[in-house]
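**Q** 3D, please:
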Amino acid sequence: MKILYLELGMGAAGDMLSAALTELLPEPGAFIEKLNAVGVPGVRFVKERSVKCGITGTHMRVLVNDAEERSHDHAHPHDHANACLPSAHGEHHHGSMDEIRHIVYDHLQLSDKIKKEIMDVYALLADAESRVHGVPVTDIHFHEVGTMDALADITAVCMLIDALAPDRIVASPVHVGAGHVRCAHGILPVPAPATAELLRGIPSYGGSVTGELCTPTGAALLKYFVTAFGDMPVMAVERIGYGMGKKDFETANCVRAMLGEQETRTQALIELSFNVDDMTAEEIGFATEKLFECGANEVFTVPVGMKKNRPGTLVCVLCERDRRQKLVEAAFRHTTTLGIRENELNRYWLERRIETVDSAFGPVRRKVSYGCRVEKTKLEYDDLARIARENDLPLREVRRIIERET
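**A** All right, here's what the predicted structure looks like:
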């Protein structure tokens, strides 16, 4: 399985992500030529060598009508000319979502898949700004120069993800910076409100670096493409790319991207657990069903001893991060617990496929699990049970006959 891991110790901006991902390609120059031929109005990409704290990487300049956007007082200047503003009711603005959609679908020379991904990322941006300003998405518009700049960054990242085709994208927690940032609305705290909105549910942190390290465009791209946030997974790294920001800090101002292979699939999960000693078996069974309905990956119980020597039950729920809150609420609603513990963990699993084998009883399905240098097979229980009933045979005898034949 191909894994893309993003190190975000100095945040993320669209140009830094595109620069880091470009370095992972076998022929970065050819990709820049392809990028410039896509047709983003007035935009030209220039790939430059950049050195931060002795590390050599790539800085991606985005020129709009041969001029680079004027720098603001933060670490990654691109995004905030792209800040959204509410428009007067009924007015049409260059930079509205309709205008972005027109540019993407009628002007860009891209596949429908990539066009959809670009619009999906823009929809996240517009929705975040809509929430921040308290106006409908239809009343949000983007500044004209910033529109082309952000559209260029989003287009580049979508094209790069498509070209690299990772099976899974994992990222470290996001460093957002500290202090304040100057943008179209005035002076705002870091992270900017739209960035904070986009990072809901995503692990992030501040720090001693004063400045905006994660921009709205960077946050939207992470929210859309990254499947899990946490430590670097076990993987054999094959390529490494460094995407550099403009400013210099004591820490190298870059996004590091690593592409590699992983023999075993992994998934970052949340474990929610709690003890109960005043619920019947029927009530626990009902609660388990409700937890599965709310999106739990696994729910299991363990008998435990509790205070005052009472026998009790430990309930463990495994879920994906974005389902955590819903499951916490369901656990409080459907059980008698007064407190829930939470742990983060990684789950490893083997690839699986179903194949059909011939037997004296006809076709039988068999599950094959493989990866991590092992392969396991198991005949499907439902098929074995059906054959056993039809032939009035013990289940173990049916399994023995079919395994001997296959």
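**Q** CA atoms for contacts and neighbours, from now on please.
**A** Fine.
**Q** residues near P363, how many?
**A** 12 (other Cα atoms under 10 Å).
**Q** grab the nearest non-local neighbour of it.
**A** Of all residues not flanking P363 in the chain, V357 sits nearest, at 5.6 Å (Cα to Cα, 6 or more residues apart in numbering).
**Q** tell me the contacts of that neighbour?
**A** Applying Cα atoms under 8 Å, 6 or more residues apart in numbering, we find V357 in contact with P363, V364, R365, R366, T406.
**Q** filter the residues you listed down to just the buried residues.
**A** Applying 16 or more other Cα atoms under 10 Å to the contacts of V357, the neighbour count classes V364, R365, R366 as buried.
**Q** now, among those, which is nearest to V174?
**A** Taking Cα to Cα as the measure, R366 is the one of the buried ones among the contacts of V357 closest to V174, at 43.0 Å.
**Q** and what about the closest one, helix, strand or coil?
**A** Following DSSP: H, G, I helix; E, B strand; the rest coil, the label given to R366 is strand.
**Q** from memory it sits against S359, does it?
**A** No: in this structure, R366 is not within contact of S359 by Cα atoms under 8 Å, at 11.5 Å.
**Q** which helices and strands sit right next to the strand ranked longest in the chain?
**A** Longest strand in the chain, counting residues (DSSP state E): strand 265-276. Packing partners of strand 265-276 (3 or more Cα pairs under 8 Å, 6 or more residues apart in numbering; DSSP states H and E): strand 228-229, strand 311-319, strand 341-349.
**Q** gap between the shortest one and the chain center?
**A** Yep, that's strand 228-229 we're talking about. 6 Å (Cα atoms, centre = their mean, to the nearest Å).
**Q** any idea of the mean pLDDT for that strand?
**A** Averaged across strand 228-229, the pLDDT comes to 88.
**Q** now do stretch 309-327
**A** Averaging pLDDT along stretch 309-327 gives 94.
**Q** how about that stretch as PDB, C-alpha atoms only?
**A** Below are the C-alpha coordinates for stretch 309-327, written out as PDB (Å, rounded to 0.1, in the frame of the first residue of the first chain):
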ATOM      1  CA  ASN A 309     -16.900  -6.000  45.100                       C
ATOM      2  CA  ARG A 310     -19.700  -5.600  42.500                       C
ATOM      3  CA  PRO A 311     -19.400  -7.500  39.200                       C
ATOM      4  CA  GLY A 312     -19.600  -5.100  36.300                       C
ATOM      5  CA  THR A 313     -19.000  -4.700  32.600                       C
ATOM      6  CA  LEU A 314     -16.300  -2.800  30.700                       C
ATOM      7  CA  VAL A 315     -17.700  -1.500  27.400                       C
ATOM      8  CA  CYS A 316     -15.100  -0.700  24.800                       C
ATOM      9  CA  VAL A 317     -16.000   1.200  21.600                       C
ATOM     10  CA  LEU A 318     -13.600   1.700  18.700                       C
ATOM     11  CA  CYS A 319     -14.400   4.400  16.200                       C
ATOM     12  CA  GLU A 320     -12.900   6.900  13.700                       C
ATOM     13  CA  ARG A 321     -12.000  10.300  14.900                       C
ATOM     14  CA  ASP A 322     -14.800  12.200  13.200                       C
ATOM     15  CA  ARG A 323     -17.500   9.900  14.800                       C
ATOM     16  CA  ARG A 324     -16.200  10.300  18.300                       C
ATOM     17  CA  GLN A 325     -18.500  13.000  19.500                       C
ATOM     18  CA  LYS A 326     -21.600  11.300  18.200                       C
ATOM     19  CA  LEU A 327     -20.600   8.000  19.900                       C
END
